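1. mind folding the following:
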Amino acid sequence: KLARLLNNKEYSEKANTVWKWINKVNIINMTTYQVYDGINMKTCKSGPGLTFTYTAGTVIGGLAEKFKQDENKEHLDLAHNLTLSVFKYLTKDSVLMEPCDGDRSCDLDANIFKGIFARNLRYLMDVTTNRTRRSGYKEFIRHNIASVKKNAMCIPSKL
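-> Below is the predicted model:
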């Protein structure tokens, strides 16, 4: 984002270097479009392992930004595929779920992962021209907000 906002070629080159590294270490499974968390320090590769919403969200936001810079539709298509993968593998009843949510072992960091995903999904929505897809993302966010209101808020009866 800084490369675009500051019109700084050095930042753009660094972003391209990071993108090459992401592809080289196989953080993205190009079959399932899951984004893995972590690198094996012996092999310098990522591989089947944990996936979190923030990891995918960060890559989705980066791809949306790359699309703003170069208008390469492949970046946008990949961001959409990563989003659909999160919907498939990291939700329950269309509500975002981290692997640690099932046994309630999430720490304070993991509790904010979904917000990172939602923010980056919003960045993707900003560059999505397909109304049906955009509407689906909007409904997904609304559904998740309703779930938080229903299941994760404490409002005293008398204020």
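2. measure how buried residue 147 is and give me the count.
-> As a burial measure, residue 147 scores 15 neighbours (other C-beta atoms under 10 Å). Glycine gets a C-beta too; all of them are placed from N, C-alpha and C.
3. for this protein, which segments are assigned as helices?
-> Remark: helices assigned in the chain by DSSP state H are 2-6, 9-24, 53-70, 73-89, 108-111, 113-127, 131-151.
4. of all the ones you listed, which one is nearest residue 41?
-> helix 9-24 (14.5 Å; C-beta to C-beta).
5. then the closest one to CSV, C-alphas only?
-> Taking C-alpha atoms only, helix 9-24 is exported to CSV below (Å, rounded to 0.1, in the frame of the first residue of the first chain):
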residue,chain,number,x,y,z
LYS,A,9,9.4,2.3,-6.5
GLU,A,10,11.6,0.8,-3.7
TYR,A,11,8.5,-0.2,-1.7
SER,A,12,7.0,-1.7,-4.8
GLU,A,13,10.1,-3.7,-5.5
LYS,A,14,10.1,-5.0,-1.9
ALA,A,15,6.4,-6.0,-2.2
ASN,A,16,7.4,-8.0,-5.4
THR,A,17,10.2,-9.7,-3.5
VAL,A,18,7.8,-10.7,-0.7
TRP,A,19,5.4,-12.0,-3.3
LYS,A,20,8.1,-14.1,-4.9
TRP,A,21,9.1,-15.5,-1.5
ILE,A,22,5.5,-16.4,-0.7
ASN,A,23,5.3,-18.4,-3.9
LYS,A,24,8.7,-20.0,-3.5
